[in-house]
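S.K.: just a sequence and a predicted model for now, questions to come.
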Amino acid sequence: MVVRGYQSQVRAKQAEDTRRSIVEAAAALFAERGYARTSVAAVAAAAGVAVNTVYTSVGGKSALIMAMSEDGATDPVAVETERRVAESEDPREILRLVAEGTGQVRRRRQQTIAILLDNRTAGPDVAAAADLATRAVRDRFKVVAARLLTVGGLREGLTRKQVEQTLWFYFGFEAWRTVRDFGWSWHDSAAWLAEQSANALLPPEL
């Protein structure tokens, strides 16, 4: 029983390693060639597996692009940031945590995010994956907004919806793309976005 359980764990790890290699190969090719011009056969060759292995491990192109989006939505940095936000009692610290957390995820997933944003009009598969990624981020911002309202210390009169939209404005995909296009470092970008979001959501410090 112990041996069988160990063998099952080994097989599961091998399957996950294969899946990860395939998804990473697909991401690299989608970034280089575009989604529409990348074939499953090319992904298989880049990952060093048979075409059938791509289908059995992940699926066709639509499954590959969705897997990239799903992996980003469950990024452990995003999960950890949400946990730390839930523990904080300081609205300014919460905004700093969100700035740093979204920056780290963007840095780790910048290839995937660029693929989703740049190829969104390539077809319904990419659009669906991009929508999933957007919903995942917006859902996390809803949690952050709720925490900020619970903690208090925001400008008077702000609704939950306004807080959510402000978080998206300063920490969403396009916000990070803009500051990075300016050539700013990840650290400086996070610091500036945190400061600007604080200016928008918090009353002036005395």
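M.R.: Ah, there it is.
S.K.: now Met68: how far from Asp181?
M.R.: 22 Å (CB to CB, to the nearest Å). Every C-beta, even on glycine, is put in place using the N, C-alpha and C of the backbone.
S.K.: swap in Arg33?
M.R.: Distance from Arg33 to Asp181, by CB to CB: 23 Å.
S.K.: more crowded one of these two?
M.R.: Arg33 (12 against 8; other CB atoms under 10 Å).
S.K.: check contacts around the more buried one.
M.R.: Ala42 (CB atoms under 8 Å, 6 or more residues apart in numbering).
S.K.: please shift the residue numbers so they start at 742 in all later answers.
M.R.: OK, 742 is where the count begins now, so the last one is Arg774.
S.K.: can you pull the pLDDT of it?
M.R.: With respect to pLDDT, Arg774 scores 88.
S.K.: now it: how far from Tyr796?
M.R.: 20 Å.
S.K.: against which helices or strands is the host helix or strand of Leu934 packed?
M.R.: Assigned by DSSP states H and E, Leu934 belongs to helix 927-942. Under the contact definition 3 or more CB pairs under 8 Å, 6 or more residues apart in numbering; DSSP states H and E, helix 927-942 sits against helix 832-849, helix 901-912, helix 914-922.
S.K.: please identify the most buried of the ones you listed.
M.R.: Mean neighbour count (mean count of other CB atoms under 10 Å) peaks for helix 832-849 among the helices and strands packed on helix 927-942, with a mean of 21.
S.K.: ok, then the element right after that one?
M.R.: helix 851-859.
S.K.: and that following helix, what's buried?
M.R.: Thr853, Ile854, Ala855, Ile856, Leu857 (16 or more other CB atoms under 10 Å).
S.K.: what's the closest non-adjacent residue to the second one?
M.R.: So the one you mean is Ile854. Phe914 (5.9 Å; CB to CB, 6 or more residues apart in numbering).
S.K.: what sits against that neighbour?
M.R.: Taking CB under 8 Å, 6+ apart, we find Phe914 in contact with Arg847, Ile854, Leu858, Ala874, Thr875, Val878.
S.K.: closest to Arg824 among those residues?
M.R.: Distance to Arg824 across the contacts of Phe914 (CB to CB) is lowest for Val878, with 16.5 Å.
S.K.: quick one: contacts for that closest one?
M.R.: Contacts of Val878 (CB under 8 Å, 6+ apart): Thr843, Trp909, Gly913, Phe914.
S.K.: farthest pair in these?
M.R.: Thr843 and Trp909 (10.4 Å).
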